[in-house]
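Peer 1: Here is the input, now give the coordinates:
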Amino acid sequence: MIHIVKAIELDAVDRLSLKAIQQMKQDGLTQWDERYPRAVHFLQDIRHASLFGVYDEETLQGVACIDQTFHSCYYSLDWDMTDSVIVHRMVVDPGVQGKGIGRQLLTHAETLAKQNKCRFVKLDTHQDNHKMIGLLNKLGYREVGYLTEINRIAYEKEL
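Peer 2: Numbering: from 1, shown residues only. Next comes the predicted model:
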């Protein structure tokens, strides 16, 4: 089940993020650290009603911010910036990775895009985040280019 995350769930989101950061470190991935993404970032998402969580009964398994705001460096690439939904800070509990949680979050982003009459879902990820890159390729996202300013690869899917 997916729903908008409430402020009362902020501690659970922060714990989930820390678990994911620790797993990334163990995997040798430097995409995130103990400073980002943390409660302060997720609180802003919650305030904007843009943080969505995947739950197995009562257990939070993953979150993603899904909205229509993007980093200014997105303008450095040759892609259509109109009619787009952006996915930020997608976190999946390491204990359930590979069980479709990331797919559910991205499918939800696509559903929200269609509901908002948007043609694209866009996001970025670290070049060494092979799990995320594999998922994006499997779901039909295409690599658009490299965002030098934030050291990330940009992806999009046209709906």
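
Peer 1: Strands of this structure, residue ranges please.
Peer 2: If DSSP state E is used as the criterion, the strands of the chain fall at 2-4, 51-56, 59-67, 84-92, 120-125, 142-147, 152-158.

Peer 1: Make TSV from those and add mean neighbour count, mean pLDDT and distance to residue 21 to it.
Peer 2: From N, CA and C alone the C-beta is placed, and that goes for glycine too. Below are the strands of the chain laid out as TSV (neighbours: other C-beta atoms under 10 Å; pLDDT from 0 to 100; distance: least, C-beta to C-beta, whole Å):
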stretch	mean neighbour count	mean pLDDT	distance to residue 21
strand 2-4	14	95	22
strand 51-56	20	96	17
strand 59-67	22	96	13
strand 84-92	23	97	9
strand 120-125	23	97	15
strand 142-147	14	97	21
strand 152-158	19	97	16
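
Peer 1: Give me the nearest residue to residue 54, chain neighbours excluded.
Peer 2: Excluding the flanking residues, the one nearest residue 54 by C-beta to C-beta, 6 or more residues apart in numbering is residue 62, at 4.4 Å.

Peer 1: my guess is residue 45 meets residue 91, correct?
Peer 2: No - counting by C-beta atoms under 8 Å, residue 45 does not reach residue 91; the two are 11.2 Å apart.

Peer 1: need the longest helix for the protein.
Peer 2: helix 10-26 (DSSP state H).

Peer 1: What are the buried residues along that one?
Peer 2: 10, 13, 14, 16, 17, 18, 20, 21, 23, 24 (16 or more other C-beta atoms under 10 Å).
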